[in-house]
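Chemist: Pasting a predicted model and its sequence here:
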Amino acid sequence: MKAIVIGIMPQDKIRERILSIARGEHKPKSGEPKIWFTSMRSLAEVLSDENRALLQVIKKTNPQSITSLAETTGRKPGNLSRTLKTMSNYGIVEMKRERNHVRPVAKATEFRIVA
């Protein structure tokens, strides 16, 4: 599993970058960040020590559902579900729908941060 590149930039600069890409004025290079945060604080909230440990548990145990992951980690399913949804919104975790449950899959456990 290779490291995900994360960038930190003010919201207005992120918006400018996205519009520039949409207009075809900028073509992102392979090493450029794919995930953007507006501040180190917001990055630190999503990639806290506890959440990085959670990613490691997901990688090692390959849980079949959020409930089984909650049992493994000792976290409450509701809180765990919110954390996973936030990480999913950033593309760090993928939530795979299977029959009657959702299976979390860690897309990365290592990160390179560009500020």
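Modeler: That came through, no problem.
Chemist: Now the nearest residue to Glu94 once chain neighbours are set aside, what are its backbone angles?
Modeler: Closest residue to Glu94 apart from its sequence neighbours, by C-beta to C-beta, 6 or more residues apart in numbering: Val105 at 4.5 Å. Just so you know, the C-beta spots here come from the backbone N, C-alpha and C atoms, and that holds for glycine as well. Val105 adopts backbone torsions of phi -130, psi 120, taken as degrees, to the nearest 10.
Chemist: And His26, by the same measure?
Modeler: Backbone torsions of His26, given as degrees, to the nearest 10, read phi -130, psi 130.
Chemist: Mind jotting down where the strands sit in this structure?
Modeler: 4-8, 35-37, 93-98, 101-106, 111-114 (DSSP state E).
Chemist: do you know which of these lies nearest Ala70?
Modeler: Closest approach to Ala70 among these is made by strand 101-106 (10.4 Å; C-beta to C-beta).
Chemist: Mind listing residues that contact the closest one?
Modeler: Outside strand 101-106, the residues that touch it by C-beta atoms under 8 Å, 6 or more residues apart in numbering are 1, 55-56, 58-59, 62-67, 69, 84, 92-97.
Chemist: switch the cut-off to 7 Å
Modeler: 55, 58-59, 63-66, 69, 84, 93-96 (C-beta atoms under 7 Å, 6 or more residues apart in numbering).
Chemist: do you know how far Arg112 is from Gly7?
Modeler: Separation of Arg112 from Gly7 (C-beta to C-beta, to the nearest Å) stands at 10 Å.
Chemist: Now the common contact residues for the two.
Modeler: Common neighbours of Arg112 and Gly7, counting by C-beta under 7 Å, 6+ apart, are absent.
Chemist: Relative to Gln64, how far out is Arg41?
Modeler: To Gln64, Arg41 is 34 Å away according to C-beta to C-beta.
Chemist: These two - which one has more neighbours?
Modeler: Neighbour tally, Arg41 and Gln64, criterion other C-beta atoms under 10 Å: the higher count belongs to Gln64, 13 against 9.
Chemist: Could you report the pLDDT at the spatially most distant residue from the centre of the chain?
Modeler: Here the centre of the chain is the reference, and by C-alpha atoms, centre = their mean the most remote residue is Glu25, at 27.2 Å. pLDDT, Glu25: 95.
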